[in-house]
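Asks: the sequence and its predicted three-dimensional model are supplied below.
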Amino acid sequence: MKIGYDAKRAVFNNTGLGNYSRLVIEGIASENPEDSLLLYTPRFQSHPRTACMEKLANVEFRLPPPQGFKGSMWRTFGIPNNLRADGVDIYHGLSNELPLNITSAGIPTVLTIHDVIYRKLPHDYTLVDRILDDFKYGRSCRAATHIIAVSECTRKDVAEAYGIDPDKISVVYQGCAESFRKEFSPAEIDALRQRLNLPHRYILQVGTIEPRKNLELTVRALASVPEGIDLVAVGRDRLGYRRKVERIAEETGVRNRIHFFEGLEGDAIPLLNRGAEIIAYPSRYEGFGIPVLEGITCGRPVVAATGSCLEEAGGGGAIYVSPDSPREMANALNAIIHGETDVESIIGRGKEHSQKFNISDVASGVRSVYNKVVDKFFSDLGKKQVRNCK
């Protein structure tokens, strides 16, 4: 099978959508060496995060042709021409959108939808971004032959938001990078601690520093956590939310116990997970919640929030609290710190749950969707042609 992919995020995004895109591409290519994968990207820049894809013999990158659309315009309108010229059998939009004229390609399409946060929490988006996302993603959902949702929660939300038949949506859980399954030595963890000047004991929260991720809940709870245990927050600031978090930290007397980082690459995040006392992720809404999965995969206890899909990501490897209750968060953190809960049991359940999300299973699930979609598309096309001939 010749499979086309929207590879912009795989090439240029170093976080959630990029990680998912690379995982699917690498998994499909590795598990199905007979397939040919064509990665369509408006630009290409070799980088450590693209290295694994570049090494795969059945993967090729496709750039805009010399004449015609360029950049985002090519990604939005020009790719269907290339799909036809390249003889692609199926096209997969890995990050919520398809070209606006994708039906002109005449091939089946799969769309991965990660969330509809712009509808659930509209105040976390500018009006322009919200309108654009709703237009592009809603149109893509209706145009796609089939949709992959990364959780049951997202499947339900997409069906409700855009009036999509639930039978058109399959759930294929996403996985996390294999580096989170890697065992690191204490010396490697200590080396990172020294390089970043980390405290010896810390709670880790990874994710964009924005209102939805709810870092303020962990900060408020930190005031009730014993001295000597700090908070490490990793992510870029968005909407100026870090200023609010720092103001809350000053008011609660914990500002000197919070350490902010962004732009960490390589094994830094897996190492930070391994060295953490606890992983905190009290996000108000997620399509999946990859930091929860990363935490349990690394064998750390996780405290996450109720209200979206984080229970799907963490299973029995996490304690779940209200995203509006600093007291619940503090009680959960302290129960782990003071040994008032069976931490080893939580870690064991988390590791067992994380086995459901390995790359092989993700690739198998996605490839199964391709088979079903291609078979049905060309079967329906054949029936239509027969009817037209009569």
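Replies: Noted; the coordinates are in hand. Numbering: from 1, shown residues only.
Asks: where does the stretch 251-390 of the chain dip in pLDDT?
Replies: When residues are selected by pLDDT under 70, those of the stretch 251-390 of the chain lie in 381-390.
Asks: need the helices for it, in chain order.
Replies: 268-275, 290-297, 310-314, 326-337, 343-354, 359-389 (DSSP state H, counting those that start in this stretch).
Asks: make JSON lines out of those helices and add mean neighbour count and distance to residue 218.
Replies: The C-beta positions use only the backbone N, C-alpha and C, and glycine is treated the same way. Below are the helices of the stretch 251-390 of the chain laid out as JSON lines (neighbours: other Cβ atoms under 10 Å; distance: least, Cβ to Cβ, whole Å):
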{"stretch": "helix 268-275", "mean neighbour count": "22", "distance to residue 218": "15"}
{"stretch": "helix 290-297", "mean neighbour count": "29", "distance to residue 218": "12"}
{"stretch": "helix 310-314", "mean neighbour count": "25", "distance to residue 218": "14"}
{"stretch": "helix 326-337", "mean neighbour count": "20", "distance to residue 218": "6"}
{"stretch": "helix 343-354", "mean neighbour count": "17", "distance to residue 218": "18"}
{"stretch": "helix 359-389", "mean neighbour count": "14", "distance to residue 218": "29"}
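Asks: which among these is found nearest to residue 176?
Replies: Shortest distance between residue 176 and the helices of the stretch 251-390 of the chain, using Cβ to Cβ, is found for helix 290-297: 4.8 Å.
Asks: show residues contacting the closest one.
Replies: Contacts with helix 290-297, where a contact means Cβ atoms under 8 Å, 6 or more residues apart in numbering, come from 16, 19-20, 174-176, 180-181, 204-207, 269-270, 273, 276, 279, 281, 301-302, 304, 310, 313-315, 317-318, 347, 350-351, 353-354, 357.
Asks: put the alpha carbons of it into PDB.
Replies: Provided in PDB are the C-alpha atoms of helix 290-297 (Å, rounded to 0.1, in the frame of the first residue of the first chain):
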ATOM      1  CA  ILE A 290       0.200  12.000  27.000                       C
ATOM      2  CA  PRO A 291       2.200  13.200  30.100                       C
ATOM      3  CA  VAL A 292       0.000  10.900  32.200                       C
ATOM      4  CA  LEU A 293       1.000   7.900  30.000                       C
ATOM      5  CA  GLU A 294       4.600   9.000  30.000                       C
ATOM      6  CA  GLY A 295       4.600   9.200  33.800                       C
ATOM      7  CA  ILE A 296       3.200   5.700  34.400                       C
ATOM      8  CA  THR A 297       5.400   4.300  31.700                       C
END
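Asks: just want the angle from that helix to helix 268-275.
Replies: Between helix 290-297 and helix 268-275, the angle comes out at 50 degrees (axes from the mean of the first three to the mean of the last three Cα atoms, to 10 degrees).
Asks: what angle separates helix 290-297 from helix 343-354?
Replies: 120 degrees.
Asks: roughly how far out does helix 290-297 sit from the chain middle?
Replies: Put simply, helix 290-297 sits 11 Å off its chain's centre (Cα atoms, centre = their mean, to the nearest Å).
Asks: before we move on, what about stretch 128-144?
Replies: 19 Å.
Asks: list the buried ones in that stretch?
Replies: Neighbour counts over stretch 128-144 (16 or more other Cβ atoms under 10 Å) mark 130, 133-134, 137-138, 140-141, 143-144 as buried.
Asks: among those residues, which lie within helices?
Replies: Judged by DSSP state H, helices contain the following of these: 130, 133-134, 137-138, 140-141, 143.
Asks: closest to residue 287 out of these?
Replies: residue 137 (11.6 Å).
Asks: that closest one contacts residue 114, doesn't it?
Replies: No: using Cβ atoms under 8 Å, residue 137 makes no contact with residue 114, being 9.6 Å away.
Asks: need the residues touching each of those two.
Replies: residue 96.
Asks: quick one: the strands in the protein?
Replies: 2-6, 36-40, 59-62, 90-93, 109-113, 146-149, 169-171, 202-206, 230-234, 258-261, 278-281, 302-305, 318-321 (DSSP state E).
Asks: residue 243: which of the ones you listed is closest?
Replies: Evaluated over the strands of the chain, closeness to residue 243 peaks at strand 258-261, with 11.6 Å, by Cβ to Cβ.
Asks: that closest one pairs with which strands, parallel or anti?
Replies: strand 230-234 (parallel) (DSSP bridges).
Asks: what about stretch 168-187, how long is it end to end?
Replies: This stretch, stretch 168-187, spans 49 Å end to end (Cα to Cα, to the nearest Å).
Asks: which residues does the residue nearest to residue 124 when sequence neighbours are not counted contact?
Replies: Distances taken as Cβ to Cβ, 6 or more residues apart in numbering place residue 212 nearest to residue 124, at 5.0 Å, with adjacent residues excluded. Residues near residue 212 by Cβ under 8 Å, 6+ apart: 117, 121, 124, 283-285.
Asks: I'd like those residues as a markdown table, with neighbour count appended.
Replies: Shown next, in a markdown table, are the contacts of residue 212 (neighbours: other Cβ atoms under 10 Å):
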| residue | neighbour count |
| --- | --- |
| 117 | 21 |
| 121 | 16 |
| 124 | 19 |
| 283 | 26 |
| 284 | 19 |
| 285 | 23 |
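Asks: check residue 70 and give its pLDDT.
Replies: pLDDT recorded at residue 70 is 87.
Asks: and it, what is it in contact with?
Replies: 42, 64.
Asks: which parts of the stretch 1-150 of the chain are helices?
Replies: Applying DSSP H, counting those that start in this stretch to the stretch 1-150 of the chain gives helices spanning 8-12, 16-31, 51-55, 71-73, 79-86, 117-120, 127-143.
Asks: pipe those into a markdown table and attach distance to residue 265 per row.
Replies: What follows is those, written out as a markdown table (distance: least, Cβ to Cβ, whole Å):
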| stretch | distance to residue 265 |
| --- | --- |
| helix 8-12 | 14 |
| helix 16-31 | 12 |
| helix 51-55 | 12 |
| helix 71-73 | 25 |
| helix 79-86 | 29 |
| helix 117-120 | 25 |
| helix 127-143 | 26 |
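Asks: what's the neighbour count on the residue nearest to residue 153 when sequence neighbours are not counted?
Replies: Nearest non-adjacent residue to residue 153, counting by Cβ to Cβ, 6+ apart: residue 309, 3.4 Å away. Here the number of neighbours of residue 309 (other Cβ atoms under 10 Å) works out to 25.
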